[in-house]
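Novice: Sequence first, predicted coordinates after that:
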Amino acid sequence: MRKTFGTGSVWEQTLGYSRAVQVDNTLYISATAASGEDGIVGEDFYTQTQYVLQKLGVVLADAGFSFEDVVQSKLYLTDISKWEEAGRAHGEVFGEIRPTLALVHVLPFLDPKMLVEIELVAQKSAG
């Protein structure tokens, strides 16, 4: 079974991708930035990470998953020296869940105000 989920984002439409794709019991969520209706939300790594995680919580819920189902998280940061700011916000959500994690230093995103993108994989137990 394959099912796609979208948020109506202009990025999804322009680039031709799904925000998330569920295959059987696994949900793959595309890298997500702190873009809101009025542009980028937050000017620092902590605030952007918090906002992205809120957005990802909605995507997970729409697909019938929760943060507790997340098994892998990847944080893409434009400034790796700010890992503690992003990590603090990430830890507030995942501190007890403890998925795998990758911190990846990247070049600037399409919008230079974007500081963080987060990609998740969630899996429900069969049965």
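Specialist: Great, that's in hand.
Novice: In contact with the nearest residue to D62 once chain neighbours are set aside, which residues are there?
Specialist: Closest residue in space to D62, ignoring its immediate chain neighbours: F5 at 5.9 Å, by Cβ to Cβ, 6 or more residues apart in numbering. Quick note: C-beta positions are derived from backbone N, CA and C, even for glycine. Contacts here follow Cβ atoms under 8 Å, 6 or more residues apart in numbering; on that basis F5 touches 18-22, 59, 62-63.
Novice: Same check on G87?
Specialist: 75, 103 are the contacts of G87 under Cβ under 8 Å, 6+ apart.
Novice: where exactly do the strands run in this protein?
Specialist: 2-5, 20-23, 26-33, 35-36, 39-40, 70-77, 100-105, 116-123 (DSSP state E).
Novice: ok and the lengthiest helix in the chain relative to strand 26-33, angle-wise?
Specialist: Assignment by DSSP state H gives helix 45-62 as the longest helix of the chain. Put simply, helix 45-62 runs at 150 degrees to strand 26-33, going by axes from the mean of the first three to the mean of the last three Cα atoms, to 10 degrees.
Novice: Hmm, P99 and H90 touching each other?
Specialist: No. With contact defined as Cβ atoms under 8 Å, H90 does not count as touching P99 (9.7 Å).
Novice: Overlap in contacts, the two.
Specialist: Joint contacts of H90 and P99 (Cβ under 8 Å, 6+ apart) are S73.
Novice: More neighbours: which of those two?
Specialist: H90 (23 against 19; other Cβ atoms under 10 Å).
Novice: So that one versus L15, what's the distance?
Specialist: Using Cβ to Cβ, to the nearest Å, H90 is found at 25 Å from L15.
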